[in-house]
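[1] the following block contains a protein sequence and its predicted model.
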Amino acid sequence: FRLGKRLTPATHGAMGFVAYSSPDFLTALQAIHTFLPTRASFIELNLRQVDDRLECILDYQESLDDDIQRCLSDAMVKALFEFGEFMVGHPLDEAEIYFAHPEPEYHGMYPDFLSGKVHFGCNQLKLTFPMALCREPNASANHGNYRLALQQCESMLKQLQSDKPSYQTRLKKMMLSRPPGTLTEDEAAASLFMSKRTLARKLKHEGSSFRSIRDEILSWQAESYLCDSQLSIEAIASLMNYHDSANFRRAFKRWFGQPPEQFRLNARAKMTHSQGF
């Protein structure tokens, strides 16, 4: 539950940004259904309406140890509650949660972390919400940010689906599933159950490296923000986890050979020329 509580929208990269900016909880859940592969390939979220309630069914794509599955189920449900409560601005008391695992010894803790009614020993992991709740407006909705983040997620999904399975692809997937630039080489190696030296050797065999992949992802995200939005350089730097816009400008110049302001002007000039204006 503590893990799930930490999985706020802000920790989910572009997917979290889509949800954060969505007009309502239903739209956010639809985005999570579509783009969850950019965050976790081991689980699917499927949605269906039954009468006046929305059913959110979480389906594991891999066979997992019972204890691990119970832990992940608790965390995933809590993470979805974090999304919902953030958007509607109050506890989801009308929710119902159906856990596939039997009632655990710590069942008395569930009301401390989850509002709504909890059931155990069910045939699938499922949450249900009233449709009226799912359609409550999101006070933090921002259409411009929503469209921008949606484009980012669509690009990520396309990139992940088109790449051949390789260590480069696995690394890209990990990087895209985290806030920009936050994945370390040690964390990546540990996630792949190997040493940092072994990961470096495997990437070298594929003609790549951790730094080159990180630069590829970051430069692509920076280019997307510059060309597809009106966000200021400072706002883009913040979105990409640069606490100082000067550091972002230096990195951008290393990637593209020019400062971000000039890159944006050139990109707009090319677009205007191609449209015949």
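    The structure has been received and is ready for your questions. Residues are numbered from 1 along each chain as shown.

[2] only C-alpha atoms from now on, for both contacts and neighbour counts.
    Will do.

[3] what helix or strand does the closest residue to residue 215 other than its chain neighbours sit in?
    Leaving aside its chain neighbours, residue 215 sits nearest to residue 255 (7.5 Å; criterion: C-alpha to C-alpha, 6 or more residues apart in numbering). Here residue 255 sits within helix 245-256, counting by DSSP states H and E.

[4] tell me the pLDDT at residue 274?
    You'll see residue 274 listed with a pLDDT of 55.

[5] should've said residue 169
    pLDDT, residue 169: 82.

[6] just the one 4 residues further on next, same as before
    Here the pLDDT value assigned to residue 173 is 79.

[7] who does the top helix by length along the chain touch, helix- and strand-wise?
    Scanning the chain for the longest helix, with DSSP state H as the assignment, gives helix 66-88. Applying 3 or more C-alpha pairs under 8 Å, 6 or more residues apart in numbering; DSSP states H and E, one finds that helix 66-88 contacts helix 2-6, helix 13-21, helix 25-35.

[8] re the thing from before, centre of the chain to the helix holding residue 255, how far?
    Using C-alpha atoms, centre = their mean, to the nearest Å, the mean C-alpha position of helix 245-256 is found 24 Å from that of the whole chain.

[9] give the buried residues for the next helix or strand after that helix.
    Remark: after helix 245-256, the chain's next helix or strand is helix 260-274, criterion DSSP H and E. Going by neighbour count (16 or more other C-alpha atoms under 10 Å), the buried part of helix 260-274 is 260, 263-264.

[10] same deal with stretch 218-235?
    Quick answer for stretch 218-235 (16+ other C-alpha under 10 Å): 218-219, 221-227, 233-234.

[11] still on that earlier bit, could I get the average pLDDT for the helix holding residue 255?
    Throughout helix 245-256, pLDDT has a mean value of 96.

[12] just the angle between it and helix 260-274, please?
    Counting by axes from the mean of the first three to the mean of the last three C-alpha atoms, to 10 degrees, helix 245-256 points 50 degrees away from the direction of helix 260-274.

[13] same for helix 245-256, what does it pack against?
    Secondary elements touching helix 245-256 (3+ C-alpha pairs under 8 Å, 6+ apart): helix 210-228, helix 233-239, helix 260-274.

[14] what residues does it touch?
    With contact meaning C-alpha atoms under 8 Å, 6 or more residues apart in numbering, helix 245-256 is reached by 215, 219, 222, 233-234, 237-238, 242, 258-260.

[15] tell me which of the helices and strands packed on helix 245-256 lies nearest to residue 55.
    Across the helices and strands packed on helix 245-256, residue 55 has its closest neighbour in helix 233-239 (32.3 Å, C-alpha to C-alpha).

[16] from the contact counts, what lies against that closest one?
    helix 210-228, helix 245-256.
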